[in-house]
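Peer 1: With the input below, show me the fold.
(one chain, ligands or ions: 1)
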Amino acid sequence: MVQNSSAPRHLVVVGGGLAGLAAAERLASASPRCGKSRITLLEAGSRLGGVIATVRQDGWLIERSADSFLAARPEGMDLVHRLGLEDELVSVIPAVRRALVWSKPQRAAAGRLVPVPAGFRLLAPGKLVGVLASPLLSWSARLRVAAERFVPPRRLAPTGELDESLESFAVRRLGRAAFDQLVQPLVSGIWTADPARLSMAAACPEFLAMEREWGSLSRGERLRLRAAGGVAEARGARYGQFVSFRNGMQTLIDGLVRRLTISGVETVFKGVASIKLSPAGWLLELTDGSTIDASGIVLAVPPRAASQLLLPVAPALAADLGGIAMAGAAIVSLGFGREQVGHPLDAAGMVVPRVSSRRLIAASFSSSKFPGRAPSGSVLIRGFIGGALDPQIAAIPDQEVIDLVLEDLREMLGIRGQPALVQIDRWHEAMPQYHVGHCQRVTRIREAEKSLPSFGLAGSAYTGVGIPQVIGSGQQAAALAERIS
Ligand SMILES: Cc1cc2nc3c(=O)[nH]c(=O)nc-3n(C[C@H](O)[C@H](O)[C@H](O)COP(=O)(O)OP(=O)(O)OC[C@H]3O[C@@H](n4cnc5c(N)ncnc54)[C@H](O)[C@@H]3O)c2cc1C
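Peer 2: Got it, this is the predicted structure:
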């Protein structure tokens, strides 16, 4: 199909989550062609932002999903600067830049929360003394982690294939006990994934590269730290590099929406029911039966929705998209008077190992992490439950889910009395699962994407679930949709 490059073009973005908003912003601002283009954003729901939303109520600031993002990647911060939102940024409060792990050895009468060993980042022990001094692991487990540097790197499979599951990688390098008590809960707190299926190559390529280049995670992490100035800042995650906004993540969505409105992007709150190729490029049928002609499109919808839309156009691509598994989760936000909580909440949050047989996956101490999240004298805690390893949560009524979270938090944080604030946010099929083989699937998807005229796919399902990567995916898809085929 040949499009006339001088004719006005109509570029359509389907899906008004972060990926779609970022794609529309790029179409409206970056391309010198955009002066000639009409841009339409189609959203099936009644608001923009997708899963990202902030609720403000009686002095509480509650994030319905994401509460922060990694500032070290450029895509997020570049957008923040372009939208003029840098003065709204807040960092994780320095005193709480660490994670705690719930630990209850079999013979112990009671459990307790223990800090992640100093210098330990997700899978990498950056500071040997940190691991050796940590009461989280038994002595044999600590010594096994210390011996990581002597574990030979895995040989390449005859196919050249390097991917393996996160569980297999972590057990091989750090030992079973460190995986069960430290790595598994840290990973679940981020990806809500099954580590036996989570792809190292897709989810943690940095650690795979450390093994390949330096032969060991401890050596690789030490060298990384030295290059970064020698500070073993990580205790779970690099909290010093995460930021949010004073008024919550909704600030980013509102900033994008403002920019799109000023740029003349038309937003239509209607879903897309089907798409097909047409002489003009694409023909979209909306859920109310109306149609739209488009010269280029960005599909920024979850992979299952993209699969259904693409089935008549590109069946093999649709099959690959439909094969991306998704997990759900619930977030229970609870507000208490400070005096009701026995624990000092002197961390960004806590994670709970699966081997401790609890339903709670993790909790974020929101009012410790960022300023202005709770009224004076109160604390806000967000409990996470569900994920790929506990899909049954989806079938449990709200009040029972709230009770399950409260029960675990009462024991772990010494909470007394009833919460002053309760909010439950449930997310069905909201988190893509990057299973082993995901990178090959994405390579096929990218090839098929390029073979369709003026077409881009965006969202968290492909090359990163974090906010910066999702913004980047929207921008890349916009560039593909703008191409004149
Ligand atoms: C609970 C949770 C917590 C998270 N926490 C963090 C965090 O702290 N930090 C971080 O960096 N990331 C976090 N993430 C990840 C990040 O928020 C997401 O990856 C990102 O927001 C996804 O954006 P998206 O646009 O790809 O998808 P979505 O937000 O799902 O948006 C897709 C949009 O498409 C629309 N749509 C679907 N079908 C159609 C159709 N047929 N026609 C028109 N519109 C349609 C939907 O209504 C929706 O608005 C979290 C995610 C979740 C779910």
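Peer 1: CA atoms for contacts and neighbours, from now on please.
Peer 2: Will do.
Peer 1: Let me see the ranges of the strands in the stretch 201-350 of the chain.
Peer 2: Counting by DSSP state E, counting those that start in this stretch, the stretch 201-350 of the chain has strands at residues 242-245, 266-268, 272-278, 281-286, 291-294, 296-299, 326-337, 349-351.
Peer 1: Check those for me and report the most buried one.
Peer 2: strand 296-299 (a mean of 28; mean count of other Cα atoms under 10 Å).
Peer 1: Direction included, what does that one pair up with?
Peer 2: Here strand 296-299 has these sheet partners by DSSP bridges: strand 9-14 (parallel), strand 455-457 (parallel).
Peer 1: Write down the beta-bridge partners of Ala99, one by one.
Peer 2: Gly349.
Peer 1: What's the separation between it and Leu182?
Peer 2: Using Cα to Cα, to the nearest Å, Ala99 is found at 11 Å from Leu182.
Peer 1: and what of Ser103?
Peer 2: Ser103 sits at a distance of 10 Å from Leu182 (criterion: Cα to Cα).
Peer 1: Give me the secondary structure label for Met460.
Peer 2: Small correction: residue 460 is Ser, not Met. Following DSSP: H, G, I helix; E, B strand; the rest coil, we place Ser460 in the coil state.
Peer 1: Which residues of the stretch 251-400 of the chain lie near the ligand?
Peer 2: Residues of the stretch 251-400 of the chain lying close to the ligand (Cα under 6 Å from any ligand atom) are 271-273, 300-302, 305.
Peer 1: Give the intersection of the neighbour lists for Ala99 and Leu182.
Peer 2: Listed as contacting both Ala99 and Leu182 by Cα atoms under 8 Å, 6 or more residues apart in numbering are Val116.
Peer 1: can you list the domain ranges for this protein.
Peer 2: Split into domains by automatic domain parsing, the chain comes to 9-50+249-324+436-482, 68-73+86-95+326-432, 117-234.
Peer 1: element containing the residue in the stretch 101-250 of the chain that the ligand sits nearest to?
Peer 2: Nearest to the ligand, among the residues of the stretch 101-250 of the chain, is Ile190, at 7.8 Å (Cα to the nearest ligand atom). Ile190 belongs to helix 184-191 when elements are defined using DSSP states H and E.
Peer 1: Show me which residues of that helix are buried.
Peer 2: Buried residues in helix 184-191, counted by 16 or more other Cα atoms under 10 Å: 184-189, 191.
Peer 1: With respect to Thr287, which of these is nearest?
Peer 2: Trp191 (32.5 Å; Cα to Cα).
Peer 1: any idea how far that closest one is from Arg224?
Peer 2: For Trp191, the distance to Arg224 - Cα to Cα - is 23 Å.
Peer 1: Ala325 too?
Peer 2: Counting by Cα to Cα - Ala325 and Arg224 are separated by 33 Å.
Peer 1: same check, this time on Gly15
Peer 2: 38 Å.
Peer 1: For those two, indicate the residue with more neighbours.
Peer 2: Legend: neighbour count by other Cα atoms under 10 Å for Gly15 and Arg224, higher for Gly15 (29 against 16).
Peer 1: among the strands paired with strand 296-299, which is nearest the ligand?
Peer 2: Using Cα to the nearest ligand atom, these put strand 9-14 closest to the ligand, at 5.0 Å.
Peer 1: That closest one and the ligand, are they touching?
Peer 2: Yes. Using Cα under 6 Å from any ligand atom, strand 9-14 reaches the ligand at Val14.
Peer 1: ok, now stretch 63-80?
Peer 2: Yes. Using Cα under 6 Å from any ligand atom, we find that stretch 63-80 touches the ligand at 65-69.
Peer 1: Identify each buried residue in that stretch, please.
Peer 2: Neighbour counts over stretch 63-80 (16+ other Cα under 10 Å) mark 63-71, 75-77, 79-80 as buried.
Peer 1: I'd like the distance from it to the chain centre, please.
Peer 2: Centroid separation for stretch 63-80 versus its chain: 10 Å, with Cα atoms, centre = their mean, to the nearest Å.
Peer 1: so how far is the first residue of it from its last?
Peer 2: Using Cα to Cα, the two ends of stretch 63-80 sit 19 Å apart.
Peer 1: who's in contact with the nearest residue to Asp163 once chain neighbours are set aside?
Peer 2: In this structure, Asp163 finds its nearest non-sequential neighbour in Ala201, 5.3 Å apart by Cα to Cα, 6 or more residues apart in numbering. Going by Cα under 8 Å, 6+ apart, Ala201 touches 162-164, 208, 436, 439.
Peer 1: Gly372 now?
Peer 2: Counted by Cα under 8 Å, 6+ apart, Gly372 has contacts 60-61, 246.
Peer 1: Likewise for Ala178?
Peer 2: Counting by Cα under 8 Å, 6+ apart, Ala178 has contacts 137, 141-142, 145, 171.
Peer 1: Relative to Leu252, which of the residues you listed is nearest.
Peer 2: Set against Leu252, the nearest of the contacts of Ala178 by Cα to Cα is Val171 (38.7 Å).
Peer 1: Tabulate the domains of the chain (TSV), appending mean pLDDT.
Peer 2: Listed next are those as TSV, based on pLDDT from 0 to 100:
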stretch	mean pLDDT
domain 9-50+249-324+436-482	95
domain 68-73+86-95+326-432	97
domain 117-234	89
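Peer 1: Out of the ones you listed, which gets nearest to Gly111?
Peer 2: domain 68-73+86-95+326-432 (7.4 Å).
Peer 1: what separates that closest one from the chain centre, distance-wise?
Peer 2: Distance of domain 68-73+86-95+326-432 from the chain centroid (Cα atoms, centre = their mean) equals 16 Å.
Peer 1: and what of stretch 215-229?
Peer 2: A distance of 25 Å separates the centroid of the chain from that of stretch 215-229, by Cα atoms, centre = their mean.
Peer 1: Also stretch 68-83?
Peer 2: Centroid displacement of stretch 68-83 relative to its chain, using Cα atoms, centre = their mean, is 15 Å.
Peer 1: do stretch 193-201 as well
Peer 2: 14 Å.
Peer 1: From Ala481, how far off is Ser451?
Peer 2: Counting by Cα to Cα - Ser451 and Ala481 are separated by 12 Å.
Peer 1: between these two, who's got more neighbours?
Peer 2: Using other Cα under 10 Å, the more surrounded residue of Ser451 and Ala481 is Ala481, with 27 against 11.
Peer 1: Which helix or strand contains the more buried one?
Peer 2: Assigned by DSSP H and E, Ala481 belongs to helix 467-482.
Peer 1: how about the residues of the stretch 51-200 of the chain that lie near the ligand?
Peer 2: Checking the stretch 51-200 of the chain against the ligand by Cα under 6 Å from any ligand atom, the hits are 51-52, 65-69.
Peer 1: Could you export these as JSON lines, including secondary structure?
Peer 2: Listed next are those as JSON lines, based on three-state DSSP:
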{"residue": "Val51", "secondary structure": "coil"}
{"residue": "Ile52", "secondary structure": "coil"}
{"residue": "Ser65", "secondary structure": "coil"}
{"residue": "Ala66", "secondary structure": "coil"}
{"residue": "Asp67", "secondary structure": "coil"}
{"residue": "Ser68", "secondary structure": "coil"}
{"residue": "Phe69", "secondary structure": "strand"}
